[in-house]
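Enquirer: Fold the following.
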Amino acid sequence: MRVTVADDSALFRAGLIRLLEEAGITVAAEASDGVELLNLIAADKPDVVIVDIRMPPTLTDEGLTAAREIHRRWPDVGVLVLSTYVDTAFATELITRTQRSVGYLLKDRVQDTDELVDALGRLHKGGSVVDPEVVARLIGRRRTQSPIEQLSEREREILGLMAQGRSNQAISARLYLSERTVESHVGTIFAKLGLEPTADDHRRVMAVLLYLGRP
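Expert: Numbering: from 1, shown residues only. So this is what the prediction gives:
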């Protein structure tokens, strides 16, 4: 199986490519944005594409746009869209518009090599793959008694370290993540907890207070 990887983070790409190659999967090419990805596929079509849902220049839905275009131009190419957190709007759009050879997984899930390889194999055969957490959110089974329950396991882990007073740099070292990845997780935590930027921007403190269960 030949796979092309697209993600704006060179560090994440390198880690993912290493994981794929160790699993015996050939990485045909790598891209940092949607335009480059489409050009690479046109030049050398892979079996499956792995693409981040948010890529330059706007970091909004470039990955979703690329997935649509890939299915339009190369319907036999499988597409696995990765996302840092559950975005039900994007998930619904992706799943309803492109019902075969398409997958949506959270980035934390790719750390499980067997699960990733299985997902790619299913996409290569024309099947579909949806992250269990995405499914739970889409069908309304995920309970929201507390805003903290909306966070992924990784986000709760990072928030727990924030509650210990650790900086993003310290969290990065502790979890073996890039500082940029930690910053992205922290931003997602703020968004999920409904903490908007303010003049004094005490969102970190407010997030920790929510985590500790204080009013």
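Enquirer: Spatially central residue in this protein, please.
Expert: The centroid of the chain falls nearest to S83 when counting by C-alpha atoms, centre = their mean (2.0 Å).
Enquirer: Report the beta-bridge partner residues of that residue.
Expert: L106 (DSSP bridges).
Enquirer: my guess is it contacts I50, does it?
Expert: No: using C-beta atoms under 8 Å, S83 makes no contact with I50, being 11.8 Å away. Just so you know, the C-beta spots here come from the backbone N, C-alpha and C atoms, and that holds for glycine as well.
Enquirer: Can you show me the strands along this protein?
Expert: 2-6, 26-31, 48-52, 78-83, 102-106, 128-130 (DSSP state E).
Enquirer: Just put those in JSON lines and tack on mean pLDDT.
Expert: Output for the strands of the chain, formatted as JSON lines (pLDDT from 0 to 100):
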{"stretch": "strand 2-6", "mean pLDDT": "98"}
{"stretch": "strand 26-31", "mean pLDDT": "97"}
{"stretch": "strand 48-52", "mean pLDDT": "96"}
{"stretch": "strand 78-83", "mean pLDDT": "92"}
{"stretch": "strand 102-106", "mean pLDDT": "87"}
{"stretch": "strand 128-130", "mean pLDDT": "78"}
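Enquirer: what pLDDT does the closest residue to D108 other than its chain neighbours get?
Expert: Excluding its sequence neighbours, the residue lying closest to D108 (C-beta to C-beta, 6 or more residues apart in numbering) is R154, at 4.9 Å. You'll see R154 listed with a pLDDT of 93.
Enquirer: I'd guessed R154 sits against S184; true?
Expert: No: using C-beta under 8 Å, R154 is not in contact with S184, being 10.8 Å away.
Enquirer: count of residues packed around E69?
Expert: Neighbourhood size, E69 [other C-beta atoms under 10 Å]: 15.
Enquirer: Kindly report the same for L209.
Expert: Counted with other C-beta under 10 Å, L209 comes out at 13.
Enquirer: same check, this time on G165
Expert: Neighbour number of G165 under other C-beta under 10 Å is 8.
Enquirer: so how far is I171 from it?
Expert: In this view, G165 and I171 are 11 Å apart by C-beta to C-beta, to the nearest Å.
Enquirer: Likewise for V77?
Expert: 37 Å.
Enquirer: what do you get for P56?
Expert: Counting by C-beta to C-beta - P56 and I171 are separated by 25 Å.
Enquirer: Settle it for me: which of those two has more neighbours?
Expert: Counted by other C-beta under 10 Å, P56 and I171 do not tie: I171 has more neighbours, with 23 against 12.
Enquirer: wait, what's in contact with the more buried one?
Expert: I158, L161, M162, L177, V182 (C-beta atoms under 8 Å, 6 or more residues apart in numbering).
Enquirer: Can you select the buried ones among the residues you listed for me in PyMOL?
Expert: The PyMOL command for the buried members of those (criterion: 16 or more other C-beta atoms under 10 Å) is given here:
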select buried, resi 158+161+162+177+182
